[in-house]
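J.: show me the folded form of this:
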Amino acid sequence: MLFEGYREMESYGVVDATKAFVRVYLPKHHWHYLLWLKSQGLDFDRFTQDCDKRRRQIGEGSVLLPDFLEVVTERLANIHYRPYADRSNVVQPVLIHQLSTAIDKAEAYFRNSGPNATRWNSWTGHHTN
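T.: Next up, the predicted model:
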């Protein structure tokens, strides 16, 4: 299978906005990217707390923390990896303003997605009419 393991889930403990330790399940490749960012100096606890605070502003219970983190991670990866004409990839450093931009864009995505933002686009989403 071409994408075997692409959606394998893995869980790690993160700190949420209330400073509670919670377990979050995300696709394995998302965790590899986030842990790499942490090894490059990302304050991971602050990052997850910022994501959780923004998620809670959307509406309590409307968006789950794993869904929000997944969208932010995808947006960061899109900012981070820059393909060039010679088909090489150059890994760019992730700057503080890029973190806030990715969080802003994720919040806007969920705010503009209607009452059930994760219905179609998330692994935790449920099909509802």
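
J.: contacts and neighbour counts: CA atoms only from here.
T.: Noted.

J.: what secondary structure does Val24 sit in?
T.: Reducing the assignment to helix, strand or coil with DSSP: H, G, I helix; E, B strand; the rest coil, the entry for Val24 is strand.

J.: so what's the residue count around it?
T.: If you count neighbours by other CA atoms under 10 Å, Val24 ends up with 17.

J.: you'd agree Val63 is in a strand?
T.: No. Looking at Val63 with three-state DSSP, it is coil, so not inside a strand.

J.: so how far is Glu8 from it?
T.: 21 Å (CA to CA, to the nearest Å).

J.: the more surrounded of those two?
T.: In this view Val63 and Glu8 are compared by other CA under 10 Å, and Val63 has more residues nearby, 23 against 11.

J.: ok, and the closest non-adjacent residue to the more buried one?
T.: In space, not counting the residues next to it along the chain, Val63 is nearest to Arg55; the distance is 6.5 Å by CA to CA, 6 or more residues apart in numbering.

J.: how about Ala77?
T.: Ranked by CA to CA, 6+ apart and with sequence neighbours excluded, the top spatial neighbour of Ala77 is Tyr33, at 7.9 Å.

J.: before we move on, which element is that neighbour in?
T.: According to DSSP states H and E, Tyr33 maps onto helix 28-39.

J.: show me which residues of that helix are buried.
T.: For helix 28-39, the buried set under the neighbour-count rule, 16 or more other CA atoms under 10 Å, comprises Lys28, His30, Trp31, Leu34.

J.: ditto for stretch 57-75
T.: Residues of stretch 57-75 classed as buried under the neighbour-count rule (16+ other CA under 10 Å) are 62-73, 75.
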